[in-house]
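*Asks:* model this:
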Amino acid sequence: MAIFSFFILIISTYAFAKKPYCEISRLSVPPEVHIIGEDHDSFDGVKNMPIHEKIRAILFNGASESKFPLATEVGSSYTGNLYPWDKSSSPLDKSKRGTLHGIESPIAHGVLASYKFQNMLIWESSSEFRVLSAAINFIYSSPIFSKAFQSLVSKLKKKEKSASYHQIVRQIQEGVEIIKNSALPSNKATDEAYKAIPKMQASPEQIRFFMNDLHKEVVTIANQKYLGYFGRKSLPFYLEKKDSLLIGKIGNTYLKNSIYYDIAITRRDQDFCDQIANLICAYVPSYNKLFVLVGQKHLPGVQKCLEKLGGANLKVKSFMPKTDEDIHKITKLTENTKRNHIVPLYNTKSRTDSKKVK
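*Replies:* Below is the predicted model:
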């Protein structure tokens with residue numbers, strides 16, 4: 001139980017972890033790590049969706065019954081990511097989560113979402129109400145969005161704003177309460193919240209004005225509190241089309257080695273790796289396999305990071321399932337994942353064996 005108590009502590013601070021809880025390169029019998037990728041760019045084309053859905057069912061059902069540990073970026077169905085910091089986002093009943101763990105990055109994901117919302121408002125026509133609907137859930141579920149909204153509300157008392165601006169704020173607050181009190185998964189609760197809100201009097205321009213203010217708050221908080229985490233002097237605002245090249249997000253594409261790319265891929269690769277490493281440490285005694293489910297763009301970075309941590313001691317395999325044969329392969333892999341007996345963390349004792357790396 002002690003190791004899982006410590007694991008709870010890890011979850012609360014994972015986005016800023018420098019080292020895993022244990023020395024992976026010295027583990028007695030580290031579990032095999034199987035990283036399974038999904039083509040998130042082709043979901044609209046639904047080419048591989050049936051295969052992905054079947055694989056998700058295998059992995060989520062098995063992990064919910066504690067047959068094997070699963071570290072996942074995504075939820076069990078096409079309803080968005082699985083956020084470990086947002087209890088309502090799990091599609092599973094809380095008592096049935098078993099060895100299922102969300103590994104999404106709370107800060108990186110929040111900043112990324114804010115850039116995405118701004119990108120939609122700038123490049124897509126008539127997107128205002130869709131963006132505001134999505135923002136309601138983020139204001140409820142994302143730590144950085146919640147702080148940004150609270151900061152915005154506190155500033156309203158000191159600044160004069162239009163009646164419609166205040167109405168947007170009130171309706172968001174009502175929507176957040178609906179999601180908070182709903183037993184539904186957060187994506188469905190968001191739909192219910194949006195339907196329950198009276199038709200807004202605010203114009204698309206006023207919604208844009210509000211979302212711009214919210215975006216500024218998100219980025220300002222990121223710059224004030226998490227700048228070292230992003231490894232930059234500052235993150236810029238995304239308010240006009242001319243900012244697109246600076247951010248590196250233009251419509252549905254983003255530029256490699258841009259600010260957006262660094263947050264979406266590089267930063268999150270490291271966060272995913274940190275979380276997976278801590279799960280490896282936690283499950284060494286009981287399981288001989290650990291599964292990871294992420295978008296295919298994260299496969300190379302996450303695998304490279306884990307191999308660097310584990311060295312020759314850790315077996316890391318990855319692949320992109322594309323056929324029914326791959327479904328059969330994963331089914332076989334998920335068999336016989338529990339150890340016959342509890343194994344020690346390390347082969348030999350030393351002063352570092354019980355040392356918890358902070």
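
*Asks:* ok, Glu240 to Ile247 distance?
*Replies:* According to Cβ to Cβ, to the nearest Å, Glu240 stands 11 Å off from Ile247. Glycine gets a C-beta too; all of them are placed from N, C-alpha and C.

*Asks:* please identify which of these two sits among more neighbours.
*Replies:* A count of neighbours by other Cβ atoms under 10 Å puts Ile247 above the other of Glu240 and Ile247, at 21 against 10.

*Asks:* tell me the buried residues in stretch 167-178?
*Replies:* For stretch 167-178, a neighbour-count test (16 or more other Cβ atoms under 10 Å) marks 167-169, 171-172, 175-176, 178 as buried.

*Asks:* how close does Leu227 sit to His109?
*Replies:* According to Cβ to Cβ, Leu227 and His109 sit 17 Å apart.

*Asks:* who has more neighbours, the two?
*Replies:* Shown here are Leu227 and His109; by other Cβ under 10 Å, His109 has more neighbours (26 against 13).

*Asks:* so how far is Pro300 from that one?
*Replies:* Applying Cβ to Cβ, one obtains 20 Å for the distance of His109 from Pro300.

*Asks:* OK, contacts around His298?
*Replies:* Contacts here follow Cβ atoms under 8 Å, 6 or more residues apart in numbering; on that basis His298 touches 37, 73, 265, 268-269, 272.

*Asks:* of all those, which two lie farthest apart?
*Replies:* Gly37 and Arg268 (14.0 Å; Cβ to Cβ).

*Asks:* higher neighbour count, the two?
*Replies:* More neighbours surround Arg268 than the other of Gly37 and Arg268, with 25 against 21 (other Cβ under 10 Å).

*Asks:* how is the chain divided into domains?
*Replies:* The chain breaks down by automatic domain parsing into domains covering 27-104+270-333, 107-254.

*Asks:* turn those domains into JSON lines, columns for distance to Leu345 and mean pLDDT.
*Replies:* As requested, the domains of the chain are exported to JSON lines (distance: least, Cβ to Cβ, whole Å; pLDDT from 0 to 100):
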{"stretch": "domain 27-104+270-333", "distance to Leu345": "6", "mean pLDDT": "84"}
{"stretch": "domain 107-254", "distance to Leu345": "29", "mean pLDDT": "86"}
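
*Asks:* mind putting those domains into TSV with distance to Tyr346?
*Replies:* As requested, the domains of the chain are exported to TSV (distance: least, Cβ to Cβ, whole Å):
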stretch	distance to Tyr346
domain 27-104+270-333	6
domain 107-254	31
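
*Asks:* what's the closest of these to Ile342?
*Replies:* Of all those, it is domain 27-104+270-333 that lies closest to Ile342, at 4.8 Å by Cβ to Cβ.

*Asks:* what about Met120, neighbour count?
*Replies:* Neighbours of Met120 under the rule other Cβ under 10 Å: 16.

*Asks:* what segments of the stretch 1-150 of the chain are strands?
*Replies:* Secondary structure of the stretch 1-150 of the chain (DSSP state E, counting those that start in this stretch): strands at 32-38, 70-72, 100-102.

*Asks:* for Arg232, which of these is the nearest?
*Replies:* The nearest among the strands of the stretch 1-150 of the chain, by Cβ to Cβ, is strand 100-102 at 25.9 Å.
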